[in-house]
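Enquirer: For reference, the sequence and a predicted model appear below.
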Amino acid sequence: LEFGNGTAPTPLTNYLDTQYFGEISIGSPPQMFNVVFDTGSANLWIPSASCSPLYTACFSHNRYDSSQSQTYIKNGTGFSIQYGSGNVRGFLSEDLVMVGGIPVIQVFAEATAVPALPFIFAKFDGVLGMGYPNIAIDGITPVFDQILSQHILKEEVFSVYYSRDPHNMPGGEIVLGGTDPSYYHGEFNYLSTSKTGKWEIELKGVSVRGETLFCKDGCTAVIDTGSSYIIGPAASVTQLMKAVGATELYTVNCDKVEAMPSISFEFGGTEYSLTGEDYIHWFGEDLCVVTFSGLDIPPPVGPVWVLGASFISRYYTEFDRHNNRIGFARAV
Ligand SMILES: CCN(C(=O)c1cnc(C)nc1NCc1ccco1)[C@H]1CCCNC1
């Protein structure tokens, strides 16, 4: 397959700086879907034409109809993926999936039950997991691994740019096989993924005004392209709100945003800081909310910090499967 220089870019749509998604097709003739490219999971699921109208979150999105596809291969194995608020359930099917112009014969899940919360708020139809195969449910080979085995990519990496202020076009870009220098400047700093099999790295500390307040003895950070915000242990985030002058409801007075202190994450020997502008979400003229949320993820996964779009929109991120490392560079 001749495409570009061994890299395959997909433009992303930015919905209110909180949801970033790109278009893929499934089936012949192609059925189009908007999916989140999610490093926090490793399966592809999309709503099924056979989902009940009772599931509003399924019925209100584009749905895959296997009866319309000449390349559909029946599977039927059960599928369930757990989210904080509930499970997406369905069954497995196989068909031709086109991602960034690359064809893949892919096993994916047709969702017949999609929890209203949070997915009625989703502007995307489904999720394309970009995580490692060992977190893939039902042991399905993930899309990116299927592409790697075709040996057509220049490098065994993918990179993500998320824009800020939704008026910028495009809203973002994911590049399979390399990086896009038009969206970052300066050098990359690389951090090796602490446990192979997850896009997570060692966080050395979280500091405000130069003082390390949290994760003093080191902790784990998950770099999750499918999450909107920054999630931290509940007690730490509560203290962090106080330290930056936000109320318990995470709200701040909009004209105080410029004066808010930077919050820094130390990875390797480098401080990655977010200014008030970076971590505040403007919900209107005078409602500004801090885009952090407190969540105690239980061991063995937790306690962790999850860095989502609020972080990635400031730091262009390269996910390197060849060297099992994550690279950050300043986004444009
Ligand atoms: C996709 C499921 N996720 C969300 O956080 C999520 C839920 N519900 C809505 C409506 N949107 C979500 N993410 C929007 C988004 C797109 C890109 C950046 O953030 C997470 C679940 C944990 C694994 N990682 C993904």
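Expert: Ah, there it is. None of the values given here were measured: they were computed from a predicted structure. Numbering: from 1, shown residues only.
Enquirer: list the contacts for Leu12?
Expert: Shown in contact with Leu12 (C-beta atoms under 8 Å, 6 or more residues apart in numbering): 20-22, 37, 161-162, 170-174. Every C-beta, even on glycine, is put in place using the N, C-alpha and C of the backbone.
Enquirer: what's the helix or strand for it?
Expert: Element membership for Leu12 (DSSP states H and E) is strand 8-15.
Enquirer: my read: Ile137 touches Trp45, true?
Expert: No - applying C-beta atoms under 8 Å as the test, Ile137 and Trp45 come out as separate, 9.2 Å apart.
Enquirer: which residues are common contacts for these two?
Expert: 79, 81.
Enquirer: Neighbour count: these two, which is higher?
Expert: Ranked by neighbour count (other C-beta atoms under 10 Å), Ile137 and Trp45 place Trp45 first, with 26 against 16.
Enquirer: quick one: secondary structure of that one?
Expert: Secondary structure assignment for Trp45 (DSSP: H, G, I helix; E, B strand; the rest coil): strand.
Enquirer: Please name the nearest non-neighbouring residue to it.
Expert: Ala109 (4.0 Å; C-beta to C-beta, 6 or more residues apart in numbering).
Enquirer: can you list the residues of the stretch 1-150 of the chain near the ligand?
Expert: Residues of the stretch 1-150 of the chain lying close to the ligand (C-beta under 6 Å from any ligand atom) are 19-20, 36, 38, 40-41, 83, 118-119, 121-122, 127.
Enquirer: If we use 5 Å, what do you get?
Expert: Contacts of the stretch 1-150 of the chain with the ligand, taken as C-beta under 5 Å from any ligand atom, map to 19-20, 36, 38, 40, 118, 121-122.
Enquirer: In those, which residue is surrounded by the most others?
Expert: Counting by other C-beta under 10 Å, top hit in these: Tyr20 with 29 neighbours.
Enquirer: what's near enough to touch it?
Expert: 12-14, 36, 162, 171-172, 225, 309.
Enquirer: Skip ahead from the helix or strand in which it is found and say which helix or strand is next.
Expert: For Tyr20, the host element (DSSP H and E) is strand 19-26. Next in sequence after strand 19-26, counting helices and strands by DSSP H and E, comes strand 31-38.
Enquirer: Looking at that next one now, give me its mean pLDDT.
Expert: Per-region confidence: strand 31-38 scores 98 on mean pLDDT.
Enquirer: Identify the residue spatially nearest to the closest residue to the ligand within the stretch 101-250 of the chain, adjacent ones excluded.
Expert: Distances between the stretch 101-250 of the chain and the ligand by C-beta to the nearest ligand atom are smallest at Gly226, namely 2.8 Å. In space, and not counting its chain neighbours, Gly226 is closest to Asp38: 2.9 Å by C-beta to C-beta, 6+ apart.
Enquirer: I'd assumed Pro303 was in contact with Cys219.
Expert: Yes - with contact defined as C-beta under 8 Å, Cys219 counts as touching Pro303 (6.5 Å).
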